[in-house]
Every structure is written in C-alpha cells, then in structure tokens.
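Undergrad: Prediction below, plus the sequence it came from.
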Amino acid sequence: MNRLTRTALAALLGLLLVVALLAFGSMLGGGLAGLLSRVRPGNPPDATPPAVGEPRSGRELVLHGNVSAVGTEEVKAPSSGTVGALLTTGDQPVTEGQALIQLKCPDLVKELQAARKRLEQAKAKTAQARNDPEIKRLQKVEQALVKTLESLETAELRLRSYRQQHSAAAEALKFRERAEENAHRAQRLYLAAKAAFEKARANTRPIGGADPPALVRARLQMEDAKKVLDLTQSQLADARAATDRYPSEVLQLQTLQREAQAVAKRRSELAQVRKRLAARREAQQKAIREARQQEAEAAVHTAEQAVERSQVKAPRSGRLVSLKVRPGDTVRAGQVLAEIEASGGSRLVFRGSAADANRVQVGQDATVEPVGGASFAARVSQVERLGSRIKVFLQPLGETVLPAPGTPLVARIRVR
C-alpha cells in the first residue's frame, strides 16, 4: 500500500471516530435530561404520568369532577305496582309529605277491601255477643232478688230473737211441726201399704181355703202402717194441744218462719242466677274474642297505610332533581323512583391521585369549567385523602348559580 492510500484510510477512520463520538454524546445527554426531569421537585420518580386530558404544569393542576348534591335522598317504591301518574315534574322544589307519584297497586286495594269486609263481620259478631238478651234478663232477675233480700234481711234476726223470748211456744211449735211431718209420712206409707194389699188380694186366689203368703204379707204390712199412722196422729193431737196454749205466739212464729224461709229461698235463687249469669258472660267474652274485632281493625289500619303509601310522597323538603319513571312503568318494591336534593345546595367535588396531595392546599384559587356552561371562579375548601386517591372540594366565589347535580366539571387549580 502506498503512502497516499494509507493517508486516505487514516482520514476515513478519524472521520468515523468523530461521528461515533458525537452519537454517543447525544444519547448520553438525552438520558441525563430524562433522569433530571424525573427527580425534579414536585414530580417524584414514582408519580403517575398525567392522564390524557389532564395536563399539568408547574403552576396549574387540572382535575375532573362534578356537581354533587348535599344530602341527596332516594325515593323508593313502597310496593310493587304500576306508575299511574306523576304529580310533579323534575327540578322543582318540594316539601316534606308532598305527593310525587301515584302508584296503581290492585293487590293492595283488594287486600284493603277484604280487610274491611272481615272487620264488618267481626263487628256484627261482637255486637251480637254484647247484646245477649239472656244476660239482660238474668241481670234484671239478679237486681230484683237483691232488692228483695235487702227488704227481708232482718227476718232471720227477728225470728231468732222471738224464739228466745218465747221459748215454750217455740218448742211447742217445733214439736207440732215434727209431729205433722211424721204424720204425713205415716199417712203416705199407710196408703201405699193399703194399695199393695188391695192389689195382692185382686191378683191372688185362696189356696185350700187359706190366703196365699203374698196376701198375708201385704195385710201385715198394711196393719203395721196403720198402727204407725195411729201413733203419729195421736202425737200430732198432743202437739196441737200444746200449741193451742200459745195461739198468738205460735201465729207470730209461723209468720217469722215463712219470712226466714223466703230469705233462704231467695238466696238460693240468687246464687243460681249469678252462676248462670257468670257462665253466660264467660260465653259472651269467648264470642267477642272469637270475633277478633281488634285484630280486624289492626288489619284494616295496616292495609289503609299500605294503600296510602302507594301515593309516593317526599320524605323531606328539598329539590326534586330527578324522576326515574314514567306513567305506565311497572315498578317493584324498593325500586328508586326519584331523588331529592336536601335544602343546603350542592358542592363541587373533584378527584385526583395521591401524587397531587402535596400540591393542593386549602385556599388555592381555581377556575371551574362546566361541560357546556360558562366557567366561574372557585377556591379549594377541603382536601380528603382516600387511600391512593384524594378528594378535593371547591367553594364557588361570588353569587354563582351552580349547574344541576351530576354535571361534569373541569377544575384548573393554581398551585405553587
């Protein structure tokens, strides 16, 4: 190789070396710049890169959110049925208890009608049980007996007192009463024995000229009964003779005894009436219990409340922000029919990553841009950390009319 050739080759190698050095320097410079950008203050190495549509600069943080109602409450269907009518429109102020939606619930209406029919039947049975004519009759008898006893309650006392004062007449009367009783008993026995003897004589024939044994026994029994009757008649005559010595006293004693016997009889009658009255009242109470009027009344009350709840009413005052059904829609129990925003307005809620927590502070100014609306000024009022996310609340400045709840928003927060 000649000298010229070697010189050209050396020049070419030198040129290639310069190009390689320049390329290596460019690559090294780009890596250092990227590294420096990742460790720059306010942007830690592990920070999540900005999402599309959320550009960030050193002085502005862009967050997305929406308008959230304060204390929004869902209005749910109390039972299954069909929407009959909407009694108001959306985005309107409502008061607690105001009717919002009328539901058609045929099952509830049928149940109410059946409950009312059962109540009428129970009332009829209860009225029939309460108006028991036998109880009323027994009550009148009881009152009459009580009144009679009140007027005769001293008869027994007067009888005992008179007997003590006129003991001889009392003893004579007592003896005569016993003799009369014995004589009456003996008279009945004698008549019975005589009838038996006459029957035996008519039904038997003499045997060998002698009376048969049955007839002999009947005759002996009749004769014995006649002896007893004669004896009791003699005793009764003696007893009457004894009482004849006390005619006025005996007459008074007999009068007092009849009064005392009347008292005892009335007491016995009163006890029987009260026993029957107690049994009748127990049967009455049983009939009333079996009528179950109170249970029927409670069932009607429950059914009426269920039908009344078929007219869906506002559970609280506020603004009706949404109606989720239309007339004719079929709904099930517990289904959300509407939403009410409580009095107290709405608030602006935005969400960001944990990496933004150190950049957002209470008091920072921001510009809020509603989707499809005019922007307005706001200020950070609260920051909440929720795990790997944060929730930022903004307070509008001035007399700003906020969009409806649920409106999407974009906030540009001026950070330091």
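TA: All right, it came through fine.
Undergrad: can you list the weak-confidence ranges in the chain?
TA: 1-58, 71, 342-345 (pLDDT under 70).
Undergrad: Spatially central residue (nearest the centroid) of it, please.
TA: Ala298 (8.0 Å; Cα atoms, centre = their mean).
Undergrad: which SS state does that residue fall under?
TA: With DSSP: H, G, I helix; E, B strand; the rest coil as the basis, the three-state label of Ala298 is helix.
Undergrad: Relative to Val109, how far out is it?
TA: The gap separating Ala298 from Val109 is 19 Å, by Cβ to Cβ, to the nearest Å. For glycine as for every other residue, the C-beta is placed from the backbone atoms N, C-alpha and C.
Undergrad: and what of Pro133?
TA: 39 Å.
Undergrad: and if you look at Phe197?
TA: 90 Å.
Undergrad: okay, these two: which has more neighbours?
TA: Ranked by neighbour count (other Cβ atoms under 10 Å), Phe197 and Val109 place Phe197 first, with 20 against 15.
Undergrad: Next up, identify which helix or strand that one is on.
TA: Using DSSP states H and E, Phe197 sits within helix 167-203.
Undergrad: And that helix, how far out from the chain middle?
TA: Mean C-alpha position of helix 167-203 versus that of the full chain (Cα atoms, centre = their mean, to the nearest Å) differs by 75 Å.
Undergrad: Any buried residues in that helix, and which?
TA: Residues 169-170, 172-173, 175-176, 179, 182-183, 186, 189-190, 193-194, 196-197, 200 are the ones in helix 167-203 that count as buried (16 or more other Cβ atoms under 10 Å).
Undergrad: what do you get for stretch 401-414?
TA: So for stretch 401-414, counting by 16+ other Cβ under 10 Å, buried means Leu402, Pro403, Pro405, Thr407, Leu409, Val410, Ala411, Arg412, Ile413.
Undergrad: For the fifth one, list each beta-bridge partner.
TA: The bridge-partner assignment for Leu409, based on DSSP bridges, gives Gly65, Pro370.
Undergrad: Quick check, it in contact with Gly373.
TA: No - using Cβ atoms under 8 Å as the test, Leu409 is too far from Gly373 to be in contact (9.1 Å).
Undergrad: shared neighbours of these two, anything?
TA: Pro403 (Cβ atoms under 8 Å, 6 or more residues apart in numbering).
Undergrad: Give me the contacts around stretch 312-323.
TA: 69, 71-73, 75, 77-78, 86, 88-103, 337-343, 404-406.
Undergrad: What are the buried residues along it?
TA: Here stretch 312-323 shows Val312, Lys313, Ala314, Gly318, Arg319, Leu320, Val321, Ser322, Leu323 as buried, counting by 16+ other Cβ under 10 Å.
Undergrad: go on, stretch 302-311?
TA: Ala303, Ala306, Val307, Ser310, Gln311.
Undergrad: Which of the residues you listed fall within helices?
TA: Counting by DSSP state H, the buried residues of stretch 302-311 place Ala303, Ala306, Val307 in helices.
Undergrad: contacting residues for the residue nearest to the second one when sequence neighbours are not counted?
TA: It refers to Ala306. Closest residue in space to Ala306, ignoring its immediate chain neighbours: Leu108 at 5.0 Å, by Cβ to Cβ, 6 or more residues apart in numbering. Each residue near Leu108 by Cβ under 8 Å, 6+ apart is listed here: Ser79, Gly81, Ala303, Ala306, Val307, Ser310.
Undergrad: where along the stretch 251-400 of the chain do the helices fall?
TA: 293-309 (DSSP state H, counting those that start in this stretch).
Undergrad: thinking again about what came up before, tell me the one among the buried residues of stretch 302-311 nearest to Gln261.
TA: Gln261 lies nearest to Ala303 out of these, by Cβ to Cβ, at 63.0 Å.
Undergrad: Ignoring the adjacent residues along the chain, who's closest to that closest one?
TA: Leu112 (4.0 Å).
Undergrad: bridging residues for Ala377?
TA: Bridge pairing for Ala377 - DSSP bridges - gives Thr367.
Undergrad: burial count for Asp238?
TA: 12.
Undergrad: Which phi and psi values does the closest residue to Arg326 other than its chain neighbours adopt?
TA: Of all residues not flanking Arg326 in the chain, Val83 sits nearest, at 6.6 Å (Cβ to Cβ, 6+ apart). Main-chain torsions, Val83, degrees, to the nearest 10: phi -70, psi 120.
Undergrad: what sits opposite Val83 in the beta ladder?
TA: Leu103.
Undergrad: Help me confirm that it comes into contact with Gln335.
TA: No - the pair Val83 and Gln335 does not pass the contact test of Cβ under 8 Å, sitting 10.3 Å apart.
Undergrad: out of the two, which sits in the more crowded spot?
TA: Neighbour totals were compared for Val83 and Gln335, and Val83 leads with 20 against 14 (other Cβ under 10 Å).
Undergrad: Next SSE downstream of the helix holding Phe197?
TA: helix 213-243.
Undergrad: Report all helices and strands that that next one contacts.
TA: With contacts defined as 3 or more Cβ pairs under 8 Å, 6 or more residues apart in numbering; DSSP states H and E, the packing partners of helix 213-243 are helix 167-203.
Undergrad: now the angle between helix 213-243 and the helix it packs on, please.
TA: Orientation check (axes from the mean of the first three to the mean of the last three Cα atoms, to 10 degrees): helix 167-203 against helix 213-243 gives 160 degrees.
Undergrad: Residue numbering should commence at 432 henceforth.
TA: In the new count, where the first residue is 432, that last one comes out as helix 598-634.
Undergrad: can you pull out the strands in the stretch 732-847 of the chain?
TA: Taking DSSP state E, counting those that start in this stretch as the criterion, the stretch 732-847 of the chain carries its strands at 742-744, 749-754, 761-762, 767-773, 777-784, 796-801, 807-817, 820-827, 839-845.
Undergrad: Format these as JSON lines; extra columns: distance to Gln552.
TA: Below are those laid out as JSON lines (distance: least, Cβ to Cβ, whole Å):
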{"stretch": "strand 742-744", "distance to Gln552": "29"}
{"stretch": "strand 749-754", "distance to Gln552": "42"}
{"stretch": "strand 761-762", "distance to Gln552": "34"}
{"stretch": "strand 767-773", "distance to Gln552": "37"}
{"stretch": "strand 777-784", "distance to Gln552": "55"}
{"stretch": "strand 796-801", "distance to Gln552": "64"}
{"stretch": "strand 807-817", "distance to Gln552": "61"}
{"stretch": "strand 820-827", "distance to Gln552": "62"}
{"stretch": "strand 839-845", "distance to Gln552": "61"}
